[in-house]
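Peer 1: predicted structure and sequence below. I'll ask about it afterward.
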Amino acid sequence: MRKLWMVIAVAVALTAGPGQTLAAPPGAVPVYCTGVAFQASESNLTCRRGDTRATVSTVPEGMFLHITDIVVNPNNTATSGTYSILVGRDDGTEFPGTPSVELLGEAAGSYHFSTPYIVLSSGEAVAARVQSNSVLSAMDVRASGYLASTASP
């Protein structure tokens, strides 16, 4: 019975209701990433630490990068058109790696995940590619989240 209560307590602690976001773990460092994604060509995003503004090319050893928000906009003056863009992990293998997410929309989109949808490990980077079926051929991509020493939020 004691184990059951512990499992329930952990499940309640890790569950966010509608409109709630799980908090970053203690000691987490905010990170923001920017870049331009093109059709049929993978592009790594440039990420920076929120505390020092230092560039984070790949996730540092012993850390995890949790992506919680992604914003995409046309990389030109287009006000209409559809896009299909992949945002995910670049670990040196064929893109997209797992985890990744395909975002579909019109002109621009903003996505927030109440728990980090993409969690990258040491040595990995955030990358994006506009799919060949996208009317908009270049997209500005911004992602944010945090670096933490644990993979769990």
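Peer 2: Structure's in. What do you need?
Peer 1: now for the nearest residue to Thr82 once chain neighbours are set aside: which residues touch it?
Peer 2: Of all residues beyond its chain neighbours, the one nearest Thr82 is Val135 (4.9 Å), with distances taken as Cβ to Cβ, 6 or more residues apart in numbering. Every C-beta, even on glycine, is put in place using the N, C-alpha and C of the backbone. Applying Cβ atoms under 8 Å, 6 or more residues apart in numbering, we find Val135 in contact with 81-83.
Peer 1: name the SS class of Ala24, please.
Peer 2: coil (DSSP: H, G, I helix; E, B strand; the rest coil).
Peer 1: repeat that for Thr52.
Peer 2: Of the three states, Thr52 takes coil under three-state DSSP.
Peer 1: state the distance from the residue nearest to Thr82 to Arg142.
Peer 2: Between Val135 and Arg142 the computed distance is 21 Å (Cβ to Cβ, to the nearest Å).
Peer 1: before we move on, what about Ser132?
Peer 2: Ser132 sits 23 Å away from Arg142, going by Cβ to Cβ.
Peer 1: those two: who's more crowded?
Peer 2: Ranked by neighbour count (other Cβ atoms under 10 Å), Ser132 and Arg142 place Arg142 first, with 15 against 9.
Peer 1: tell me the contacts of the more buried one?
Peer 2: Contacts for Arg142 (Cβ under 8 Å, 6+ apart) come out as 32-34, 70-72.
Peer 1: could you look up the SS state of it?
Peer 2: Applying three-state DSSP to Arg142 yields a three-state assignment of strand.
Peer 1: now Glu94: which helix or strand?
Peer 2: Counting by DSSP states H and E, there is no helix or strand that carries Glu94.
Peer 1: try the one 5 residues further on
Peer 2: Using DSSP H and E, Pro99 maps to strand 97-106.
Peer 1: and that strand, how far out from the chain middle?
Peer 2: When distances are taken as Cα atoms, centre = their mean, to the nearest Å, strand 97-106 is centred 10 Å away from the chain's centroid.
Peer 1: that'll do, ta.
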